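K.L.:
Mind folding the following:
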Amino acid sequence: MSDLTQVPTTVSNIGTVMFSVADMDAAIAFYTERLGFELRADVAFGEGGAHRWVEVAPPGSVARIAFVPPGDQPGGSAIGVETHDIVGEHARLAALGLEVGPPPTDAMPGAPRLFPVADPDGNHVWIVELPPTDD
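P.N.:
Numbering: from 1, shown residues only. Model (predicted):
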């Protein structure tokens, strides 16, 4: 067993489940107007704000549903887990030889830093950086 397997995870929470939706606005309307969820985020990101990061959740819930356009989630289902140390967690998982996405950067203003890890069945666990806390 390598020393790397002894390094504890920095992941602290299941934060988001990612649903593929054809129409962001229709999905927002369904979840907020019909189910009574709160709109937690609707942020443009990418070049020229071409993409949107949208999250909804039941009132008081820590976990959120994030909407992704069809085709943006290859390989099956996805879930987002959260960490305060995105760089450290990327390094830890890459050192273990897991199939991880590129190192997180600030290339998408308006969106959190994140990277995917593929499981053996092609599902993706997205490691998402939590915002800094005011301690």
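
K.L.:
Let me see the contact set for His51.
P.N.:
Residues counted as contacts of His51 (CB atoms under 8 Å, 6 or more residues apart in numbering) are Ala44, Phe45, Pro69, Met108, Ala111. C-beta here means a position set from N, CA and C on the backbone, and glycine is covered the same way.

K.L.:
That one bridge partners, please.
P.N.:
With DSSP bridges as the criterion, His51 is bridged to Phe45.

K.L.:
The residue nearest to the spatial centre of the chain pairs with what?
P.N.:
Among the residues of the chain, the one closest to the centroid is Gly80, at 3.9 Å (CA atoms, centre = their mean). Gly80 forms beta bridges with Thr16, Trp126, as assigned by DSSP bridges.

K.L.:
show me the residues around it that make contact.
P.N.:
With CB under 8 Å, 6+ apart, Gly80 has these contacts: Ile14, Gly15, Thr16, Val17, Met18, Ala66, Leu114, Val125, Trp126, Ile127, Val128.

K.L.:
Can I get stretch 34-46 in PDB, CA atoms only?
P.N.:
This file holds the C-alpha atoms of stretch 34-46, laid out as PDB (Å, rounded to 0.1, in the frame of the first residue of the first chain):
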ATOM      1  CA  ARG A  34     -43.900  23.900  -9.100                       C
ATOM      2  CA  LEU A  35     -41.700  22.200  -6.400                       C
ATOM      3  CA  GLY A  36     -41.100  25.300  -4.300                       C
ATOM      4  CA  PHE A  37     -37.300  25.100  -4.500                       C
ATOM      5  CA  GLU A  38     -35.100  28.200  -4.200                       C
ATOM      6  CA  LEU A  39     -32.900  29.400  -7.000                       C
ATOM      7  CA  ARG A  40     -29.500  29.400  -5.400                       C
ATOM      8  CA  ALA A  41     -27.300  30.400  -8.400                       C
ATOM      9  CA  ASP A  42     -27.800  31.500 -12.000                       C
ATOM     10  CA  VAL A  43     -24.400  32.800 -13.100                       C
ATOM     11  CA  ALA A  44     -23.000  33.300 -16.600                       C
ATOM     12  CA  PHE A  45     -19.500  32.000 -17.200                       C
ATOM     13  CA  GLY A  46     -17.200  31.200 -20.000                       C
END
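
K.L.:
I'm done for today, thanks for sticking with me.
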